[in-house]
Each structure stands twice: as structure tokens, then as C-alpha cells.
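# I would like to see how this sequence folds:
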Amino acid sequence: MLESSVAAPKQSDLGSSIMAGSGKPFDRKKRLFAMNRLFRYICIASAVFVCLILFLILILMFRTGVLTFSDISLADFFLSANWNPMDEQYGALVFIFGTFALTALTLLISVPLSIAIAVFLSVFVPGWLKNALRPILDLLVGIPSVVYGYLGLTVLIPMIRNVTGSGMGDGLLAAALVLTIMVLPTISRISDDAISAVPRKYSDASYALGATRFHTVWKVLLPSARSGIMYAVILGMARAIGETMAVVMVIGNTAQLADSLLKPTSVLTSNIVMQISNVPFDSTWNYALYLMGFLLLVISILMIATVRWLQRKGVQG
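All right, here's what the predicted structure looks like:
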């Protein structure tokens, strides 16, 4: 009897300890659930905050830039090449044309070179050399743009003068070559990843049918990696079209239409940087610069939207 009376409390104590222990996992689940919900709310709030900031920037740039048309007409701003703020002339055609001309020339030079480098890295290079070259390209992406601009100013422009015999080496050609060097690592590395992501069975099937390596690259690998290559090109062009310091140092910064690759000209970014410090705030001059910034922002957003569309199309494909 004594033993049974002693054993009974032990069983009740064991039951209470089990009940107490079973409550700890339940409390832990509640705590994790609350933390997950809090983290979700923080992420949503951060996304809303970023979208709000972007929206406010767009509204500010647009509301300030549109004041330009209270003094000049829409046609005068977009179709006139006369930019002389001292005489109240605000024709931005020179800078818009220069921006698109510089972007197109950079695209023409950089894309074939970048794709060639990407194909070389992903197809023709042995593994040990590939592992050595890829980090070098990654390092080139992180070099500040002012370094590229300084090298273009001190090395590239004198070289262009010596080769062409021209007295002026700055212009579209110098700016396009500097931007090509800047965007080359970005386009080539992303294109390399896109080509390397193509399943090996595609190239093996091509070789099995008797195709050469060149035909396999041209007819199989590049079409299969098309969306990734387009993604790389648009990212590179987005960096090129918004680049400022390197372009300012080599393009000449002259408000004139470039009818030659060696003629100094100006683009939207360089004109804003060169004139923003001397502009009265409440003036048509300042409003015109804000409108130029708004145009650059819209172009960048359109490029980012295109990249997202290509990503989604690639995933669906």
C-alpha cells in the first residue's frame, strides 16, 4: 500500500510534466507564425515604400518639367536644335538625338563583341581558363565610371587624334568606345550565363546530326539563349544611356548636332550635369533640365519593364 501511494504522485507529476512540455512546441509555433507574418508585413511595406518613392520622383520630375511648356511650345522643345538659355531658346533636339545616336553606336559596337566573348567563354575555352576569365569580367563591372572617363580623356582621345589626323578627338566615337568598354563585361557575362544554361542535349543532338561547332553555336545555342542575351543587351544599354561622368569627359559637351563621329556634341545626361549648378531654380531653364531628367527616367523605366517582360517570357518558354 505504501508503495502504491508513493507511485501515484509520481504518475500525476509525470502527466503534468508532459502537459507542460506539450505546451512549449505550441507556443513556439505561435511565435514563428507571428514572426513570419511580421516579416511579410515588413516586406510589403518596403515594396510599397519603394513604389511610393518612385511615384513621387516621377510626379516631381513631371510637374516641374511640364512647366517648361508655359514659355515654349512642345514643338520648340522636341524639334528645335537651338539651345541658348541666355536668349530663352530651349530646343532639346541636340541632346535627344545625341543620346539615341550614342546609344545606337554603343549598341552596334558592344553587342557583337560581347556575344563573341560570351560564346568564347561558354563553348571554346577549357574549364581552367574559363574559371580564371569570368572573375576578371566581374571585376571590370565594378570599376567606377570616372576611371573609364579619365582613361578615355588621357589615352583614347589622343589615340583617335593620331589615327584620324583630326584636331578634335572627342565626340560620339570616343564616348561610344568608352561606353563599350564599360558595358562589355555586363553584356558578355550575362550572355555567357544564358548560353551556358542551354541544355547540353541540344548541342549533343546537333553534333550527332553532323553539324559543325560554328553551326551549332549559330543555329542552336544562340537562338536558345536569345531571351537571356536580349536581357543582357538591355541591361547594358540601360547603363549606357544613363551614364554621366565618363560621357561628360570625352564627348565634348557642345550643343550642336553631330554630323560626324569626331564632332563634339552633347547628350541629355552631360547637359544636365554641366548646367545644373548655374541654373536659377524658378526659371524655364531649370524646368527644361527637369524635363530632360524625366525623359531619361521614362527611358530607363521602359528598359526595365522590357527586361522584366523578357524574363517572364524566358521562364514561360
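# neighbours of P280, just the number please.
9 (other Cβ atoms under 10 Å). No exception for glycine: its C-beta is placed from N, CA and C like everyone else's.
# if you count neighbours, what's buried in the helix or strand containing F214?
Using DSSP states H and E, F214 sits within helix 213-216. Within helix 213-216, the residues scored as buried using 16 or more other Cβ atoms under 10 Å are T216.
# that helix packs against which elements?
helix 200-208 (3 or more Cβ pairs under 8 Å, 6 or more residues apart in numbering; DSSP states H and E).
# what's the average pLDDT for the helix it packs on?
Across helix 200-208, pLDDT averages out at 88.
# who touches that helix?
R213, H215, T216, K219, V220, L221, S224 (Cβ atoms under 8 Å, 6 or more residues apart in numbering).
# give me the pLDDT value at the second one.
The score at H215 is 89. That number is its pLDDT.
# just give me the neighbour total for the closest residue to it other than its chain neighbours.
Closest residue to H215 apart from its sequence neighbours, by Cβ to Cβ, 6 or more residues apart in numbering: S206 at 7.2 Å. S206 has 18 neighbouring residues, counting by other Cβ under 10 Å.
# still on that earlier bit, quick one: the helix holding F214 to chain centroid distance?
Distance of helix 213-216 from its chain centroid, counting by Cα atoms, centre = their mean, to the nearest Å, is 31 Å.
# counting contacts, what elements does the helix or strand that that helix is followed by pack onto?
Per DSSP H and E, helix 213-216 leads on to helix 222-224 as the next helix or strand towards the C-terminus. Packed against helix 222-224, as judged by 3+ Cβ pairs under 8 Å, 6+ apart, are no other helices or strands.
# mind listing what's buried in helix 222-224?
L222, S224.
# outside of that helix, which residues touch it?
Against helix 222-224 from outside (Cβ under 8 Å, 6+ apart): I115, V119, I195, V198, Y202, I229.
# and it, what's its mean pLDDT?
89.
# rewinding a little: only whichever of the contacts of helix 222-224 are buried, select them in PyMOL.
In PyMOL syntax, the buried subset of the contacts of helix 222-224 is picked out as below (16+ other Cβ under 10 Å):
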select buried, resi 115+119+195+198+229
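# and the contacts of helix 222-224, which is closest to P135?
Closest to P135 out of the contacts of helix 222-224 is I195 (18.0 Å), distances taken as Cβ to Cβ.
# Provide a list of residues in contact with the closest one.
Here I195 is in contact with A118, V119, S122, V123, L221, L222, A225, G228, I229 (Cβ under 8 Å, 6+ apart).
# ok, L289 next?
Neighbours of L289 in contact, by Cβ under 8 Å, 6+ apart: N271, I272, Q275, I276, V279.
# what residues does the last one make contact with?
Think V279. V279 neighbours (Cβ under 8 Å, 6+ apart): P85, W285, N286, L289.
# let's go with 10 Å and repeat that
By Cβ atoms under 10 Å, 6 or more residues apart in numbering, the residues touching V279 are P85, I272, W285, N286, Y287, A288, L289, Y290.
# re the thing from before, widest-spaced pair of the contacts of I195?
V123 and G228 (14.9 Å).
# re earlier: can you tell me what sits against the helix holding F214?
By Cβ under 10 Å, 6+ apart, helix 213-216 touches V119, V123, F124, Y202, S203, D204, A205, S206, Y207, L209, L221, L222.
# including distance to I72, could these go into TSV?
Converted to TSV, those look like this (distance: Cβ to Cβ, whole Å):
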residue	distance to I72
V119	49
V123	54
F124	56
Y202	56
S203	58
D204	63
A205	62
S206	59
Y207	63
L209	63
L221	52
L222	47
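# element containing L108?
helix 93-119.
# for the helix or strand that that helix is followed by, packing partners?
Downstream of helix 93-119, the first helix or strand assigned by DSSP H and E is helix 127-141. Using 3 or more Cβ pairs under 10 Å, 6 or more residues apart in numbering; DSSP states H and E, the elements in contact with helix 127-141 are helix 93-119, helix 172-196.
# model confidence over stretch 262-273, on average?
Rounded mean pLDDT across stretch 262-273 is 89.
# gap between the two ends of that stretch?
Length of stretch 262-273, first residue to last, Cα to Cα, to the nearest Å: 22 Å.
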